[in-house]
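> 3D, please:
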Amino acid sequence: MDTQARIQDFIAGEHFAVAGASRHPHKYGNKVVRCLAQNHRKVSPINPHAGQIEGVPAFPTLAAIPELPDGLCVITPPEVTRSILRDAAELGLRRIWLQPGAEDPAVLELADHLGLSLISGGPCLLVVMGYHET
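Predicted coordinates for the structure are as follows:
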């Protein structure tokens, strides 16, 4: 499946987890949460230090989310991304969008090894789905 087809498959989902979600409105991890909400998607922020983000309950890990999301957006440094990818594969979550800066060659190799449907290498969720500063 090419990148455009993976993007279309990803955004067709209704529920998304956001690893690297931030409480700070100016940070990218917060903007992704808001972008998904603006596009009428259910959002489950993942942040082990926040009880909620943008009024939405946050979870400490991907595994703590009560229902498996359709997709996972990752906004973390590559060393954290590798751990998140392992967690996603273990849970059976295959649709993952690495936002710019979340990948490195080891991340890409691991994702391939785990059989994940990965969007990486530059496409930005905020651009594709449309984000409006509030």
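> Helix, strand or coil: sort out Pro45 for me.
strand (DSSP: H, G, I helix; E, B strand; the rest coil).
> Give the bridge partners for it, please.
Counting by DSSP bridges, Pro45 is bridged to Val18.
> Just give me the neighbour total for it.
Pro45 sits with 27 neighbouring residues when counted by other Cβ atoms under 10 Å. All C-beta spots, glycine's among them, are computed from the backbone N, C-alpha and C.
> doesn't Lys31 make contact with it?
No. Between Pro45 and Lys31 there is no contact under Cβ atoms under 8 Å: 11.9 Å.
> Nearest spatial neighbour of Glu90, chain-adjacent residues omitted?
Nearest non-adjacent residue to Glu90, counting by Cβ to Cβ, 6 or more residues apart in numbering: Ala63, 8.0 Å away.
> ranges for the strands of the protein?
15-19, 42-46, 52-53, 56-57, 71-74, 95-98, 117-119 (DSSP state E).
> Nearest to Leu110 among those would be which one?
When the strands of the chain are compared by Cβ to Cβ, strand 117-119 sits nearest Leu110, at 9.8 Å.
> Would you mind pulling up the elements that that closest one packs against?
For strand 117-119, the packing partners by 3 or more Cβ pairs under 8 Å, 6 or more residues apart in numbering; DSSP states H and E come out as helix 3-11, strand 95-98, helix 105-114.
> centre of the chain versus the shortest one, how much separation?
Looking back up the chat, that one is strand 95-98. Mean C-alpha position of strand 95-98 versus that of the full chain (Cα atoms, centre = their mean, to the nearest Å) differs by 6 Å.
> re earlier: what's around the residue nearest to Glu90, how many residues?
Ala63 has 12 nearby residues by other Cβ under 10 Å.
> what do you get for Gln52?
The tally of other residues near Gln52 (other Cβ under 10 Å) stands at 11.
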